[in-house]
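Participant: Here is my input; please provide its structure:
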Amino acid sequence: MATRLAPKELMKQPERLAPGHRLCAGCGASIVVRQMLAAIDEPVVISNATGCLEVATTIYPYTSWRVPWIHNAFENSASTISGVEAAYRSLVRQGKMEEKDVKFIGFGGDGGTYDIGLQALSGAVERGHQMLYVCYDNGAYMNTGIQRSSATPFGAHTTTSPAGKKIPGKQQFRKDLTRIMAAHDIPYVGQAAPSKWRDLMEKTRKAVNCGGPAFMNVLSSCNRGWRHATDETLEITQLGVDTCYWPLYEVEDGEWRLTYKPREKLPIEEWLKRQGRFRHLFKPQNRHLIDEKQEEIDRKWEELLERCGEA
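Facilitator: Coordinates of the predicted model:
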């Protein structure tokens, strides 16, 4: 069991993402980034895929980043940061640069990670780069107009999976990217949420100090796409955790461990009814889809409990 850190121990760093950026009020991505970077004591270098986080924090000629930061294409945040890490290691070996235990972190949304960035991410971790890749998962291509991604939940309304009479939202269940990354047998994989800040920050510390490639998948509410009030971000994120839509766990050197188990596992309906993107599911003709969604969540939760020795 990892040592639990006090809030002051987790918040030594000054803000590395400055205020004044243009992310939406209540955006989950900025909360995630601030929490994670505050957990890291060492110098960091960041690559950032095209998306909401990149666009809204670097409106030319301004930037909110107080650390070395690189913008790259939608699909290659992992490739970029792995190349920077390799160059740094080479310069240190050649004696051209002092070793300072720099941490290399790549950020990407679910569109740039689950979908068009998966090949680059898989290749980077397979090569063994000492880097952390973070997916801030808001469940769609939000920056370009709320189009579905393979992270979009079953039944959700998006502009490319619209809820109509014949097709009531997205027809496929979400890809389980965290489990896919665990299958790479890398030193550390974690799934987290900003509503459980201590869990997120402790996992970040583990990830950047694991001695090899690490991956973290973090739930990141988008109130524009999810259709909820801007002051409900963390509450609705926590509902995703307590319904076990987004369970919190880690895979450390092949060992699966549940890091949070709800005292009462809430029905998925409690999460769905708070978001406008699922409003159509509550029509009488679509209620069976909520049952299907509950069955899938229950099945995967039981699988996870068994993997973690909690069954």
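Participant: Just the residues contacting stretch 51-61, thanks.
Facilitator: Contact with stretch 51-61 is made by 17, 21-24, 27, 29-30, 33, 48, 63-65, 69, 71, 74, 107-109, 111-112, 136, 138, 142-143, 222, as judged by Cβ atoms under 8 Å, 6 or more residues apart in numbering. No exception for glycine: its C-beta is placed from N, CA and C like everyone else's.
Participant: How far away from the center of its chain is it?
Facilitator: With Cα atoms, centre = their mean, to the nearest Å as the basis, stretch 51-61 stands 18 Å off its chain's centre.
Participant: tell me how far the ends of it are from each other?
Facilitator: This stretch, stretch 51-61, spans 18 Å end to end (Cα to Cα, to the nearest Å).
Participant: heads up, I number from 170, so please use that
Facilitator: Noted, 170 is the first residue going forward, which turns the last one into stretch 220-230.
Participant: buried ones in that stretch?
Facilitator: 220, 221, 222, 223, 224, 225, 226, 227 (16 or more other Cβ atoms under 10 Å).
Participant: Which of these sits closest to residue 449?
Facilitator: Nearest to residue 449 among those: residue 221, at 24.9 Å, using Cβ to Cβ.
Participant: So the closest one versus residue 439, what's the distance?
Facilitator: Using Cβ to Cβ, to the nearest Å, residue 221 is found at 27 Å from residue 439.
Participant: next one: residue 272
Facilitator: Computed as Cβ to Cβ, the residue 272 to residue 439 distance reads 37 Å.
Participant: can you check residue 193 too?
Facilitator: Using Cβ to Cβ, residue 193 is found at 24 Å from residue 439.
Participant: in the stretch 320-469 of the chain, which spans are helices?
Facilitator: 346-351, 366-377, 392-395, 402-411, 438-441, 456-476 (DSSP state H, counting those that start in this stretch).
Participant: picking up where we left off before, dump the buried residues of stretch 220-230 into a markdown table; add distance to residue 346 and pLDDT as well.
Facilitator: Converted to a markdown table, the buried residues of stretch 220-230 look like this (distance: Cβ to Cβ, whole Å; pLDDT from 0 to 100):
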| residue | distance to residue 346 | pLDDT |
| --- | --- | --- |
| 220 | 16 | 96 |
| 221 | 18 | 96 |
| 222 | 18 | 97 |
| 223 | 20 | 97 |
| 224 | 23 | 96 |
| 225 | 23 | 96 |
| 226 | 24 | 97 |
| 227 | 26 | 96 |
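Participant: burial measure for residue 422, as a count.
Facilitator: Per other Cβ atoms under 10 Å, the neighbour tally for residue 422 reads 11.
Participant: from memory residue 459 sits against residue 452, does it?
Facilitator: No. Because the distance of 10.6 Å does not satisfy Cβ atoms under 8 Å, residue 459 is recorded as not touching residue 452.
Participant: neighbour-wise, which of the two wins?
Facilitator: Per other Cβ under 10 Å, whichever of residue 459 and residue 452 has more neighbours is residue 459, with 19 against 12.
Participant: what sits against the more buried one?
Facilitator: 324, 437, 438, 441, 450, 451.
Participant: for the residue nearest to residue 290 when sequence neighbours are not counted, helix, strand, or coil?
Facilitator: The shortest distance from residue 290 to any non-neighbouring residue, by Cβ to Cβ, 6 or more residues apart in numbering, is to residue 247 (4.2 Å). Per DSSP: H, G, I helix; E, B strand; the rest coil, the local secondary structure of residue 247 is helix.
Participant: I'd like to know how far residue 247 sits from residue 379.
Facilitator: Separation of residue 247 from residue 379 (Cβ to Cβ): 16 Å.
Participant: before we move on, the earlier item: higher neighbour count, residue 272 and residue 439?
Facilitator: A side-by-side neighbour count of residue 272 and residue 439, using other Cβ under 10 Å, places residue 272 first with 22 against 13.
Participant: Quickly list what the more buried one is bridged to.
Facilitator: Counting by DSSP bridges, residue 272 forms beta bridges with residue 213.
Participant: what residues are up against the spatially closest residue to residue 445 that is not a sequence neighbour?
Facilitator: Computed as Cβ to Cβ, 6+ apart, the closest residue to residue 445 that is not its neighbour in sequence is residue 396, at 2.5 Å. Residue 396 is in contact with 444, 445, 446, 448, counting by Cβ under 8 Å, 6+ apart.
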